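Participant: Got a sequence here, can you model it:
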Amino acid sequence: MAAKYACPALVIPHAIDQPFWSRTVHALGLGPKGIRICDLNNEDFESRLAELYTNKDYKDNALEFSRRMLQEGDRDELYRQNIN
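Facilitator: You can find the predicted model right below:
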């Protein structure tokens, strides 16, 4: 949903598919690398959160990704294009 609405994201994976989404968000330049919940600490969380808000590239990438999503009829193809 964050990508759809052009919002950078920080994923704190803790279950099921969330590690995948953490890697994907970071690989697409939509947010900083996530921190596994079992490794979460104040210093790292603060650093990543600051990065999320100050790295203009994340917002620019999210805007472009959102624009492309809205124009794309085949969402599977959109994903394939951006992962490679």
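Participant: Please make it C-alpha for all contacts and neighbour counts, starting now.
Facilitator: Will do.
Participant: which residues are contacting the lowest-mean-pLDDT helix or strand in the chain?
Facilitator: Least confident element among the helices and strands of the chain, by mean pLDDT, DSSP states H and E: helix 75-83 (a mean of 72). For helix 75-83, the surrounding residues in contact (CA atoms under 8 Å, 6 or more residues apart in numbering) are 24, 27-28, 68-69, 72.
Participant: ok now that helix, how far from the chain's centre?
Facilitator: Counting by CA atoms, centre = their mean, to the nearest Å, helix 75-83 is centred 14 Å from the centre of its parent chain.
Participant: quick one: which helix or strand includes the residue nearest the centre of the chain?
Facilitator: Of all residues in the chain, the one closest to the mean position by CA atoms, centre = their mean is Val25, 2.6 Å from it. Assigned by DSSP states H and E, Val25 falls within helix 18-27.
Participant: Next secondary structure after that helix?
Facilitator: helix 42-54.
Participant: Give me the distance between the closest residue to Pro19 other than its chain neighbours and Asn42.
Facilitator: Computed as CA to CA, 6 or more residues apart in numbering, the closest residue to Pro19 that is not its neighbour in sequence is Pro13, at 5.1 Å. Using CA to CA, to the nearest Å, Pro13 is found at 16 Å from Asn42.
Participant: Neighbour count: those two, which is higher?
Facilitator: Pro13 (19 against 7; other CA atoms under 10 Å).
Participant: check contacts around that one.
Facilitator: Contacts for Pro13 (CA under 8 Å, 6+ apart) come out as 19, 21-22, 34-37.
Participant: which SSE is it in?
Facilitator: Here Pro13, judged by DSSP H and E, is contained in no helix and no strand.
Participant: thinking again about what came up before, could you identify the buried members of the contacts of Pro13?
Facilitator: For the contacts of Pro13, a burial check counting by 16 or more other CA atoms under 10 Å picks out 19, 21-22, 34-36.
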